[in-house]
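Chemist: Using only what follows, build the 3D model:
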Amino acid sequence: MAAGNLRAALETGKLEEGARLIERAVEEKKLRAATLYVSRQSDSFARAYGEAKAEDAIFLIASITKPMAAAGVMRLVERGEMALPDPVHKYIPEL
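Modeler: Numbering: from 1, shown residues only. Model prediction:
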């Protein structure tokens, strides 16, 4: 937290407010599972939501860079600025 400490955030309900936002997103089916963990010195705040059974649940996170790069390439193909059969070094000489 930029200003103040975790204890002050807990006392003012700021973390509870954030927790409610996550809880609402799970209830509205915008998220299937989530965890919230904030720690500072000896204070900590932890919650698990939805399909996350514990605060230390492990999530698999996929890389989104490849699909985004592929979408960008396809846009260039659509605009005629690139052709799929072209060699990569035509656009990136270092390769």
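Chemist: Ala52: neighbouring residues, count only.
Modeler: The number of residues packed near Ala52 is 19, by other Cβ atoms under 10 Å. The way it works is simple: take the backbone N, C-alpha and C, and place the C-beta from them, glycine included.
Chemist: so who does the residue nearest the centre of the chain touch?
Modeler: Central residue of the chain (Cα atoms, centre = their mean): Ile61, 8.3 Å from the mean position. Ile61 makes no contacts at all, as judged by Cβ atoms under 8 Å, 6 or more residues apart in numbering.
Chemist: ok, now how distant is it from Lys14?
Modeler: 26 Å (Cβ to Cβ, to the nearest Å).
Chemist: how close does Ala19 get to Glu28?
Modeler: Distance from Ala19 to Glu28, by Cβ to Cβ: 15 Å.
Chemist: ok, now Leu60?
Modeler: 23 Å.
Chemist: Looking at these two, which one has more neighbours?
Modeler: A direct count of neighbours by other Cβ under 10 Å for Leu60 and Glu28 places Glu28 higher, at 8 against 4.
Chemist: what's the spacing between the more buried one and Lys90?
Modeler: Using Cβ to Cβ, Glu28 is found at 47 Å from Lys90.
Chemist: Same question for Leu60.
Modeler: 36 Å.
Chemist: what's the answer for Met68, then?
Modeler: Taking Cβ to Cβ, one finds Met68 at 21 Å from Lys90.
Chemist: Is Leu31 in contact with Tyr49, as I believe?
Modeler: Yes - checked against Cβ atoms under 8 Å, the pair Leu31 and Tyr49 is within contact range at 7.1 Å.
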